[in-house]
Structures are given as C-alpha cells and as structure tokens.
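With the input below, show me the fold.
(one chain, ligands or ions: 1)
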Amino acid sequence: MAKLLKQPLKLALIQLSTGADKAANLSRARSKVLEAVHQHGANLVVLPECFNSPYGTKYFPKYAETLLPSPPSKDNIPEYEESTKNLYNTSLTFSPTGELLATHRKVHLFDIDIPGKIRFKESEVLSPGNKLTLVDIPEYGKIAIAICYDIRFPELAMIAARKGAFLLLYPGAFNLTTGALHWELQARARAMDNQVYVGLCSPARDMEAEYNAWGHSMVVDPNAEVLEQLDEKEGILVADLKEGIEEVRKGIPVYSQRRFDVYPDVSEGKVRWEE
Ligand SMILES: O=C(O)CCC(=O)C(=O)O
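Coordinates of the predicted model:
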C-alpha cells in the first residue's frame, strides 16, 4: 500500500506575536515565514488563527480581507465576502509559488460561556463555513485543514483521516482557561484516534491584549506523543515528520478492526468537501 506521507516533511509552526497594527502583523509574519524556510528548511509553514488581527469579534470586521480576485495575504485571517456581506474565519493554503490551493472557513464557531472565566461568541459577527478541507500536496500527501474550535469535533478529523490525510493542521488560539484544560489533550486525542500527525499553531501570549492566547504550539505524532512544543512566547517550532503512520497502524490495528456492521462509518454518506 502507498504510504500516506510519501517523503519526510519539515513542518514549521510560527507562534507569532501579533498586535493592533495590521501592517506590522503582516510584515512580521512575512519575515518569520522567510526565516522558517531559509534558516530552518521548512517545507510547510503554518501561521496562527487570525494572525493579521487582534483576536476578538470587535476586531474582525475591521481587519477582514476580501479574497477575490486575488488574495492579499496569507493563511488564517478574518475574511469579508462582498457578495453576501458575510465575515468568516478563514485559513488559506498556498503553494510555494503563491498559488491558492485551498480555502477553509471555520465550520464550528467558537461560542462558549464559562461563568467567571470566559465568554466568547464568534457567531455575533462571523458566519460558519460549510465544508471540510483536504489539500493534496503531490510530493507529500494529503493534509486536512480546520481551525481552532473545529478540533473539538472529532468527526472532522476522523473523516479527513479516513480519506487519507497524514496530517491534521489547526491554526488556533485557545485561551488560558480552555488551553490549560484541553489544548494538548485535543491534539493528542485527534492523533490517537486517527493515528496521524497533528499540528496546532497558536499566536504568542500577550498579557496586555484583551484575549490571552495559550501559546504552546505543538506537533503530535501518530502514536499521540508530543513531538515538539513551544512555551507561550513567540517562536518557530520545527518538526520532522517522517514515516511511521503505517507502523503505528500495524501495531495497533484499529484501522482494520472497525465494526461498520455495528455502527456507521462517519466518512461515508453526506460529507461536503472543498470544491
Ligand atoms: O475550543 C476552545 O477552547 C478555544 C477555541 C478558540 O479559541 C477558537 O475557536 O478560536
């Protein structure tokens, strides 16, 4: 059987310090992407959720970008769609030559209310996406993209993995409450359930900001072990993704032990994909 990850891949997650100055955010992101590629030899580079903007519903309309006809910036941003006047939380995937390969709009909006700790309601300003996103990178294989709160819905991960993804990537911005509780747990759980690599890319923590991101960008391997992890400060995480998925699946063969005669396969039936 063909390997899911066709050759070793150097993955860089940029835990960016962001602030109120959009142009400064973009130029800092640019210099970190160049550093990841030229100094660390990264083949695939990820920026955090909404990296061009402070994280907060009141900021998204002002910082949003309109994508068509030509995308003005890279990776995960608030997006404004002119025809519908909708705003989305959107992650863009580009080839090294700048070709737009995929657009993932966050499917599950971050609406939570933990009394005394944190209330956040993305749906006050954002609209949800309505499809899953799998990107085929011919040299390496398939990767799945979803955004932050999307990680809490294991169906997305499971469907993508069953469709052949070797890596699940989540630009994200957990906070000090749910980050401490669930950030690593979610990453390791998605990796364990699906025996794939998982990457979570956060902004750096800024205690002066209204929203304090958890940081701790991490890459988890198909055995659900943390391969690399940053602390809360700005930094570039570089992880070498090698073969190993097939070996893990051979050792713990849940992939061939599923009982679809007892319960349905969530990857079958009605699943909406990137067109
Ligand atoms: O799921 C969480 O706890 C945090 C999610 C989040 O911060 C987001 O979706 O932006």
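
C-alpha only now, for contacts and for neighbours.
Fine.

Just the buried positions in the worst-scoring helix or strand of the chain on mean pLDDT, please.
Lowest on mean pLDDT, DSSP states H and E among the helices and strands of the chain sits strand 77-81, with a mean of 91. Residues of strand 77-81 classed as buried: 77, 78, 79, 80 (neighbour count, 16 or more other Cα atoms under 10 Å).

The last one and residue 26, how far apart?
Taken as Cα to Cα, to the nearest Å, the spacing of residue 80 relative to residue 26 amounts to 17 Å.

Tell me, what's the model's pLDDT at the residue lying closest to residue 107 once chain neighbours are set aside?
Using Cα to Cα, 6 or more residues apart in numbering and skipping residues adjacent in sequence, the residue nearest residue 107 is residue 129, 4.4 Å away. With respect to pLDDT, residue 129 has a value of 97.

Just the element for residue 129, please.
Assigned by DSSP states H and E, residue 129 falls within no helix or strand.

In contact with it: list those residues for me.
Applying Cα atoms under 8 Å, 6 or more residues apart in numbering to residue 129 gives the contacts 88, 104, 105, 106, 107, 108.

Which single strand of this structure contains the most residues?
Longest strand of the chain, by residue count under DSSP state E: strand 86-94.

between that strand and strand 77-81, how many degrees?
Per axes from the mean of the first three to the mean of the last three Cα atoms, to 10 degrees, the angle that strand 86-94 makes with strand 77-81 is 120 degrees.

element containing the residue positioned nearest the centre of the chain?
The centre of the chain sits closest to residue 170, judged by Cα atoms, centre = their mean, with a distance of 1.6 Å. Using DSSP H and E, residue 170 maps to strand 165-171.

In terms of secondary structure, what does that strand contact?
Helices and strands touching strand 165-171, by 3 or more Cα pairs under 8 Å, 6 or more residues apart in numbering; DSSP states H and E, are strand 141-145, strand 197-201.

hmm, back to that, taking the buried residues of strand 77-81 together, which two end up most distant?
77 and 80 (9.7 Å; Cα to Cα).

Can you check which residues contact both of those two?
64, 65.

Next to the ligand, which bits of the protein? Give me the list.
110, 148, 149, 172, 173, 174, 178 (Cα under 6 Å from any ligand atom).

ok so, going back, tell me what angle the strand holding residue 170 forms with strand 141-145.
Strand 165-171 and strand 141-145 are oriented at 30 degrees to each other (the same axes, to 10 degrees).
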